[in-house]
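A.B. asks: Dropping the sequence and predicted coords here.
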Amino acid sequence: MTNLLIKTCLPKDKPTTDPRVRSCAGRLSGVVGIVCNALLFVAKFIIGSLSGSVSITADAMNNLTDATSSVVTLVGFKLAEKPADEDHPYGHARFEYLSGLAVAALIVVIGFELAKTSVGKILHPTSVAFSVPLLAVLIGSILVKLWLSLFNTKLGKHIDSTTILATAADSRNDVISTGAVLLAVVIERLSGLKIDGYVGLLVAAFILYSGYCLAKDTISPLLGESASPELQKQIVDLMKQQEAVLGYHDLMVHDYGPGQRFGSLHVEMDQALDPLWCHELIDDLERQCLQALGVHLVIHYDPVVTGDEELEQLRATIGALLSGIDSRLSFHDLRMVKGTGHTNLIFDIALPHDLSGQEKAIKKALENALAETHQSTTYYLVITFDKGTFFGD
């Protein structure tokens, strides 16, 4: 069923980063979610009202929230499909993240309301009317939600959508919460213990936690999180395919929504190479990155001096010294400017965030070490610290 829906509803001749493909996937997830959750809400609300169970009613309201969330997801994916315009040159793909944030807000509001209702039931407990239809609705709900979770997991992985994967996780959580409600009904039937309000409170807490996790996942890309290690490696592997690229550093990726990622990177090449040839190679690399990874990459060309024995020795010495201080430290753009009384060494150091504040100590350690190993020459270090900037070797 899941494979049939994906094959039927999603375009087959376009990449999953294409806005039209993502819009179709969002539409499919939204429509399926609305239909299933609306039916579950009606069935549970009727059974919950007739039986007097606040936990079943709470579970029904959770399904209503899920149906509303599906509507928001549907609208979000549709808006994200809009192409770039004069006011939004990077497109509208972040609407997908905003829809996830709206879903999280709805979940949190419903969770608070259900918690209030459950506390009232704990303070004033009443019996739950046990019936076969009640059991049938709860068991049916677990089966439907289990299928929804599997369906959205496969669909979300297919297009790499955090929003749809969050919907899958929410359905999985619903399986657990409905199972808890079913357990409460069975326990009261067998033992007479009125734990309906307590289970309703647990369900409400579960809903609140789900809302928090979803909000966290959607706020992070909106704030501007760094490129994932997987994407960094893919870009670096692309650079390594070219022998002319001697090094790379200062990789930054800006995420404007799925399929709308823009990045910049510095690559080092021998200064003796023809600049026009280097420019052509960089153009090819940028084109390959867009086609293979969906990243609009702008590459900055850094010419480096090769074949200078003194500079090569200094490069090896500085690299070894930095590794001795902290294995994560690395440097780039080493330049040497000779004067009459001293030589300036100008370079950048990529500094991890947790080493911030230790710049002076690192510089002092390098100066002392170079003074001991190169006593015949006085080196002045001119260092720029790039905090948290990615550096390749």
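C.D. replies: Cool, the structure landed. No experiment lies behind these values; they were computed from the predicted model shown. Numbering: from 1, shown residues only.
A.B. asks: What is the distance between stretch 175-191 and the centre of its chain?
C.D. replies: On the basis of CA atoms, centre = their mean, to the nearest Å, stretch 175-191 is displaced by 35 Å from the centre of the chain it belongs to.
A.B. asks: Go ahead and name everything in contact with that stretch.
C.D. replies: Applying CB atoms under 8 Å, 6 or more residues apart in numbering, the set of residues contacting stretch 175-191 from outside is 53, 55-56, 58-59, 62, 127-128, 130, 134-135, 138-139, 141-142, 145-146, 149, 193-196, 198-200, 202-203, 206-207. In short, each C-beta sits where N, CA and C put it, glycine included.
A.B. asks: What residues of that stretch count as buried?
C.D. replies: Within stretch 175-191, the residues that count as buried by 16 or more other CB atoms under 10 Å are 175, 177-178, 180-182, 184-185, 188.
A.B. asks: and which of those residues is nearest to residue 373?
C.D. replies: residue 175 (64.5 Å; CB to CB).
A.B. asks: Am I right that that closest one is in a helix?
C.D. replies: Yes: when the secondary structure is assigned by DSSP: H, G, I helix; E, B strand; the rest coil, residue 175 falls within a helix.
A.B. asks: From residue 384, how far off is it?
C.D. replies: Taken as CB to CB, to the nearest Å, the spacing of residue 175 relative to residue 384 amounts to 53 Å.
A.B. asks: Helices along the stretch 201-350 of the chain, start to end?
C.D. replies: With DSSP state H, counting those that start in this stretch as the criterion, the stretch 201-350 of the chain has helices at 229-240, 275-293, 309-325.
A.B. asks: wait, doesn't residue 207 sit right on residue 59?
C.D. replies: No: counting by CB atoms under 8 Å, residue 207 does not reach residue 59; the two are 9.6 Å apart.
A.B. asks: Please, a ChimeraX command that selects the buried ones among the contacts of stretch 175-191?
C.D. replies: In ChimeraX syntax, the buried subset of the contacts of stretch 175-191 is picked out as below (16+ other CB under 10 Å):
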select :53,55,56,58,59,62,128,134,138,141,142,145,149,194,195,196,198,199,200,202,203,206,207
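A.B. asks: low pLDDT regions in the stretch 51-200 of the chain?
C.D. replies: Along the stretch 51-200 of the chain, the parts satisfying pLDDT under 70 run over 55, 126-130.
A.B. asks: what about the helices in it?
C.D. replies: Using DSSP H, counting those that start in this stretch, the helices found in the stretch 51-200 of the chain span residues 54-80, 95-123, 132-159, 162-191, 196-223.
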